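[1] how would this look folded up:
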Amino acid sequence: MNVLVVGLGVSGIACIKGLSRTGAKIYAFDESSEENLKDRLKEVEGIEVEYFFGNEEIEKINIKALDYAIKSPGIKYEVPIIEKLLKNNIEVISDIEAAYRVTNASIVSISGTNGKTTTTTLIGEMVRESGKPHKVTGNIGFGIYYDALNAKKEDILVAEVSSFQLAGTIKYKPHISVLTNITPDHLDYHHTVENY
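    Predicted coordinates for the structure are as follows:
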């Protein structure tokens, strides 16, 4: 399996750590320079990854050899690397989609314009009080992909998910979904309220 991680923020680093446990050949791309990411890259030292930094390195990536790409949530679909992947029919998914595909744990997914973190924290506390094994994850914590890989079937993943993450889903079907509210927001990313 050849996987490209696009974006080396919290989500991307968690995906690299998780993918390293699956035997996948990992490629990683970020528009920033290696110098700007040196502290973040220390988190994945020792993991075999082929890195590409800056848009000028996009042409060096063997796109056709990729099975799929995991896009970090804040990266828009209109950036050159994503456009090239889609033009070459490479599946581009979010970290929550990738997490869903690798776990047998139950997922409680919380989204909405406002109140996601508070609601996720409260649900996490309710699950903790019930005595069930759980992990609060997603936009809270380390990154859902890594947490999903480490979860057991009896675990409950309480996941805060953003509209950016949901935009990159195909098969994602949490066991429970919570929508706190929807008001016009993030239109710089989604362009219209309907898309949001």
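
[2] just the CA coordinates of the helix ranked longest in the chain, formatted as CSV?
    In the chain, assigned by DSSP state H, the helix with the most residues is helix 116-130. Once non-C-alpha atoms are left out, helix 116-130 reads as follows in CSV (Å, rounded to 0.1, in the frame of the first residue of the first chain):
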residue,chain,number,x,y,z
LYS,A,116,-18.2,20.8,19.3
THR,A,117,-15.4,20.8,21.9
THR,A,118,-17.7,21.3,24.9
THR,A,119,-20.1,18.7,23.7
THR,A,120,-17.3,16.2,22.9
THR,A,121,-15.8,16.8,26.3
LEU,A,122,-19.2,16.3,28.0
ILE,A,123,-19.9,13.1,26.1
GLY,A,124,-16.4,11.9,26.9
GLU,A,125,-17.1,12.5,30.6
MET,A,126,-20.4,10.6,30.4
VAL,A,127,-18.7,7.6,28.8
ARG,A,128,-15.9,7.7,31.4
GLU,A,129,-18.5,7.8,34.2
SER,A,130,-20.2,4.7,32.6
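
[3] what helices or strands is it leaning on?
    Using 3 or more Cβ pairs under 8 Å, 6 or more residues apart in numbering; DSSP states H and E as the contact criterion, the elements in contact with helix 116-130 are strand 106-111, strand 134-138, strand 156-160. For glycine as for every other residue, the C-beta is placed from the backbone atoms N, C-alpha and C.

[4] out of those strands, deepest packed?
    Among the helices and strands packed on helix 116-130, ranked by average contacts under mean count of other Cβ atoms under 10 Å, first place goes to strand 156-160 (a mean of 26).

[5] ok so, going back, dump the helices and strands packed on helix 116-130 to JSON lines, plus mean pLDDT.
    Formatted as JSON lines, the entries for the helices and strands packed on helix 116-130 read as follows, by pLDDT from 0 to 100:
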{"stretch": "strand 106-111", "mean pLDDT": "94"}
{"stretch": "strand 134-138", "mean pLDDT": "91"}
{"stretch": "strand 156-160", "mean pLDDT": "94"}
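
[6] let me have those strands in CSV, extended by distance to Glu43.
    CSV is the format used below for the helices and strands packed on helix 116-130 (distance: least, Cβ to Cβ, whole Å):
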stretch, distance to Glu43
strand 106-111, 25
strand 134-138, 17
strand 156-160, 21
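
[7] for Leu66, find the nearest of the ones you listed.
    strand 134-138 (25.1 Å; Cβ to Cβ).

[8] so who does the residue nearest the centre of the chain touch?
    With distances taken as Cα atoms, centre = their mean, the residue of the chain nearest its centroid is Asp95 (2.1 Å). When the contact criterion is Cβ atoms under 8 Å, 6 or more residues apart in numbering, the partners of Asp95 are 11, 14-15, 70, 72-73, 143-145, 165, 168.
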